[in-house]
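Undergrad: Pasting the sequence and the predicted model now:
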Amino acid sequence: MGSVCREDASLRYDADPHNPPSEVRSDALFREGLTQSGQTTYTPRLIALDLKEASTVSVYSWCNSATIWEYRDNSTDQSQAAADSYFPPYSLEEFTWEDLNRTLNHSALTAQLCGRNQSQHRGRVCFQISAFESWGRDPAWPRLLHSANSSQLRFVIEGVMPRSNCSRFALELLSIDSRDHEAREETHRSIDDEYTPSIFQVSQLVSVHVNSSAPVLSYAQWKPVAYRTASPVFEDSTPCRHSPSSPPLPPPRLGLALAFFGGALDQGYRASAVNISFGIPGEPFYNATGYLSWSCLLGLGSPPEDSFSPLVLGIMVVGLGTPALLLLVGGAYVCVRRLGRQQPGYAPIN
């Protein structure tokens, strides 16, 4: 796989009628923004790579976070926040984003993209991106199981000024799939919480063929937990909830979606969305720490499935095997004792 770094040379603000169109569509792939020093620049909407033998690569689905919701949670037993408790949403297309090259780490395959809303003079929203070369787990909670066909996206809200004394946030996870595919929300439960303490389930949004039992094409997978500090301990975790996947919708005409799909967006694709809220009644609000992080795994093919680790298997063997061994040894001992008490020869009848 190789990348072509020709964007800077191809960026231009004014179309020149005497020159052919640039190979980089500036208005589609980038948006005008401001640097931290106040200079006008283009902010990337799409990060693309040239792939060797690109004809063998198929795009199954497109997943994006377009909107951040903030709402006032003054309830104690509501399963959903009231409609009038929501503030105007933060649209990520209206953010001014920092230079991704500052945080791009080619050896660790990580990058961090941070942006600010014009209405917020302090605080930021960040997306930390990690790619992987093999199977493994991220060292930070929730320690999602990943493969070489997946990447991890960590969503972080840091220092954003809340608009109420009991604010919580929610994120819209948008999926755009081909019309012959459908997005399906699933929840799987487990009895093992070794890697993510107190969390016994995993949620995922998968793309599959319509009315087919064929394998999963792509997925977004997460555990229903977020963290209120950058270096969390167990007490810093907060549960998450997600809505059911929406019915198929016309795909929104977002700049990033148009840059990715082009003119085929309206004809050959449809969208679905899942809203993920962070925190439940009774848990501390965002105001307590001014920090929130949530991780999601994006990948092709079937999502990874957690299995019992050697440690858990060893505990199960000891816990279940020890009583069985004691029963076996005890039964053998009783049999031997009874045989030893029997008198040799014949016993008299009278």
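TA: Yep, it's here. Residues are numbered from 1 along each chain as shown.
Undergrad: quick one, longest helix in the protein?
TA: Secondary structure assigned by DSSP state H gives helix 310-341 as the longest helix of the chain.
Undergrad: Quick one: list the elements packing against that one.
TA: With contacts defined as 3 or more C-beta pairs under 8 Å, 6 or more residues apart in numbering; DSSP states H and E, there are no secondary structure elements packing on helix 310-341. For every residue, glycine as well, the C-beta is placed using N, CA and C.
Undergrad: residue ranges with poor pLDDT in the chain?
TA: Low-confidence segments of the chain, defined by pLDDT under 70: 1-62, 76-81, 212, 308-313, 316, 341-350.
Undergrad: partner residues bridging the spatially most central residue of it?
TA: The centre of the chain sits closest to residue 296, judged by C-alpha atoms, centre = their mean, with a distance of 1.0 Å. Taking DSSP bridges as the rule, residue 296 bridges to residue 153.
Undergrad: Pull up the gap between it and residue 196, please.
TA: 14 Å (C-beta to C-beta, to the nearest Å).
Undergrad: same check, this time on residue 218
TA: Remark: distance between residue 218 and residue 196 (C-beta to C-beta) = 23 Å.
Undergrad: These two: who's more crowded?
TA: residue 218 (25 against 20; other C-beta atoms under 10 Å).
Undergrad: partners of that one in the sheet?
TA: With DSSP bridges as the rule, residue 218 is bridged to residue 207, residue 300.
Undergrad: Touching, it and residue 303? I think so.
TA: No. Look at residue 218 against residue 303 with C-beta atoms under 8 Å: they stay out of range, at 9.1 Å.
Undergrad: any shared contact partners between the two?
TA: residue 206 (C-beta atoms under 8 Å, 6 or more residues apart in numbering).
Undergrad: would you list every one of the helices in the protein?
TA: Using DSSP H, the helices of the chain run over 7-10, 26-29, 255-261, 265-268, 310-341.
Undergrad: Which one, of those, ends up nearest to residue 227?
TA: Nearest to residue 227, of all the helices of the chain, is helix 310-341, at 23.3 Å by C-beta to C-beta.
Undergrad: what separates the closest one from the chain centre, distance-wise?
TA: Remark: helix 310-341 is offset 45 Å from the chain centroid, using C-alpha atoms, centre = their mean, to the nearest Å.
Undergrad: quick revisit: go through the helices of the chain and pick out the most buried.
TA: For the helices of the chain, average neighbour numbers computed from mean count of other C-beta atoms under 10 Å are highest in helix 255-261, which has a mean of 19.
Undergrad: How far does stretch 162-169 stretch from one end to the other?
TA: For stretch 162-169, the first and last residues are 9 Å from each other (C-alpha to C-alpha, to the nearest Å).
Undergrad: do stretch 193-206 as well
TA: 23 Å.
Undergrad: Need the residues that contact it.
TA: By C-beta under 8 Å, 6+ apart, stretch 193-206 touches 63, 137, 141-143, 145, 173, 175, 183-192, 216-225, 234, 237, 242, 245, 272, 274, 303, 306, 309, 311-312.
Undergrad: which of those count as buried?
TA: 63, 141-143, 145, 173, 175, 183, 185, 192, 216-225, 237, 242, 245, 272, 274, 303, 306 (16 or more other C-beta atoms under 10 Å).
Undergrad: what does the domain assignment say about this protein?
TA: Recorded structural domains for the chain (assignment: automatic domain parsing) are 58-307, 318-350.
Undergrad: which of these is buried the deepest?
TA: Mean neighbours per residue, mean count of other C-beta under 10 Å, is largest over the domains of the chain for domain 58-307, with a mean of 16.
Undergrad: Quick check: bridge partners of residue 173?
TA: residue 65, residue 274.
Undergrad: which residues touch it?
TA: Contacts of residue 173 (C-beta under 8 Å, 6+ apart): 63-65, 205, 220, 273-276, 296.
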